[in-house]
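K.L.:
fold the following, please.
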Amino acid sequence: MEVQDMTGGTGSGEPESTDSLKTFGAVVKAFRERAGLTQEGLALLVRFSPQTVASIEQGRRLPPPDFIERAEEVLDAFGVLRAAAVHLARKPGIAAWFRQWAALEERAVSLCTYECRVVPGLLQTKAYARAVILSVPPPPEEEQAEQRVSARLERQQLLHRSPPIAFSFIIEQALIERHTGGIEVTKELIDNLLRCSELWNVELQIMPLQQPQHAGLDGPIQLLETARNQWLGYSEGQKTGQLISGPKEVSVLLQRYAKMRSQALTPEDSVSLLKRMRGAL
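P.N.:
Just a heads-up that it's a prediction; the model follows:
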């Protein structure tokens, strides 16, 4: 098994009382099974008891620092476990199921995102983020909504991180045409997309409304390259998500994303379309 539940992301969803330890445990299990090890086999290599390994994978025990470091090396997890461990403590506004991917983003050298549901969180404005969060039932408390908006905007510091991350975004034209939040919110959103497209480390492409050949029909895709040049994938739906670490599965996502880059408008044509859409409002 090389695909594990890791729900959450860029839309409106906030966690129920999900224990982030369970998410960390699922990541450990994914890498253990990727390495072809049993719990007993991993326990022997990291010098902890099988019972401890089982408790950590089941989310019933906080992993000791020695376990994290040894498992990181034994499982060749290219920084994933260390990053995940940093975010075990609850962070207001970020779903428990999304914290692990958010931690990986902070250490990435490349990030590729295709979205067909909402404009990616890294490109959202405050007003658009709030409109998205308030659109999907159940309605959050006002404090919860503000925490989610603030957390989403804080993540956007990644766009300006040093050393820089190379970003590629492909978003559906329909997401802008939907006018989520109203016309004024959409105007501000397009202005922000145009500003982001001017960043030297950001490539923004629009998938046009009419495109007979579309490699992304299976849904959203996120891809991440680590500092060790390993690729991971992430895919999500209605309150479900998957961290994808298996080389074959990640290769499929890379192929699909590469195909979409050729099917979407060029960055220059995407900017021209955004300007026309802005002028029409």
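K.L.:
contacts only, for the nearest residue to residue 182 once chain neighbours are set aside.
P.N.:
Once flanking residues are discounted, residue 182 sits nearest to residue 131: 7.7 Å by C-beta to C-beta, 6 or more residues apart in numbering. Yep, even glycine has a C-beta here, placed from its N, CA and C like the rest. When contacts are counted by C-beta atoms under 8 Å, 6 or more residues apart in numbering, residue 131 is found next to 180, 181, 182, 185.
K.L.:
would you list these in JSON lines and tack on secondary structure?
P.N.:
Listed next are the contacts of residue 131 as JSON lines, based on DSSP: H, G, I helix; E, B strand; the rest coil:
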{"residue": "180", "secondary structure": "coil"}
{"residue": "181", "secondary structure": "coil"}
{"residue": "182", "secondary structure": "coil"}
{"residue": "185", "secondary structure": "helix"}
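K.L.:
got a ChimeraX select line for the buried ones in those?
P.N.:
Applying 16 or more other C-beta atoms under 10 Å to those leaves a buried subset, and the ChimeraX line that selects it is:
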select :180,181,185
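K.L.:
so what's the residue nearest to residue 205 when sequence neighbours are not counted scoring on pLDDT?
P.N.:
With C-beta to C-beta, 6+ apart as the criterion, residue 205 has its nearest non-adjacent residue at 4.0 Å, and that residue is residue 264. With respect to pLDDT, residue 264 scores 98.
K.L.:
export the contacts of residue 131 as JSON lines, with columns for distance to residue 170.
P.N.:
Below are the contacts of residue 131 laid out as JSON lines (distance: C-beta to C-beta, whole Å):
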{"residue": "180", "distance to residue 170": "18"}
{"residue": "181", "distance to residue 170": "22"}
{"residue": "182", "distance to residue 170": "25"}
{"residue": "185", "distance to residue 170": "22"}
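K.L.:
of the contacts of residue 131, which pair is most distant in space?
P.N.:
The span of the contacts of residue 131, defined through C-beta to C-beta, is set by 180 and 182 at 8.1 Å.
K.L.:
poorly predicted segments of the stretch 151-281 of the chain, please.
P.N.:
Regions of the stretch 151-281 of the chain meeting the criterion pLDDT under 70 cover residues 240-241.
K.L.:
quick one: the strands in it?
P.N.:
With DSSP state E, counting those that start in this stretch applied, the stretch 151-281 of the chain shows strands at 166-172, 202-207, 221-225, 231-237, 240-244, listed in chain order.
K.L.:
likewise for the stretch 1-150 of the chain?
P.N.:
Assigned strands in the stretch 1-150 of the chain, in chain order: 3-5, 110-115 (criterion: DSSP E, counting those that start in this stretch).
K.L.:
mean pLDDT for those strands: which is lowest?
P.N.:
Least confidently modelled of these is strand 3-5, at a mean of 39 by mean pLDDT.
K.L.:
hmm, back to that, separation between the residue nearest to residue 182 and residue 37?
P.N.:
Summarising the geometry, the distance separating residue 131 from residue 37, computed by C-beta to C-beta, to the nearest Å, is 46 Å.
K.L.:
so residue 121 makes contact with residue 155?
P.N.:
Yes: A contact is recorded between residue 121 and residue 155 when judged using C-beta atoms under 8 Å, the distance being 6.3 Å.
K.L.:
which one of the two has more residues nearby?
P.N.:
When neighbours are counted by other C-beta atoms under 10 Å, residue 121 comes out ahead of the other of residue 121 and residue 155, with 22 against 18.
K.L.:
can you check the pLDDT for the more buried one?
P.N.:
According to the model, residue 121 carries a pLDDT of 94.
K.L.:
is residue 76 in contact with residue 35, as I believe?
P.N.:
Yes: if you go by C-beta under 8 Å, residue 76 and residue 35 touch, sitting 7.2 Å apart.
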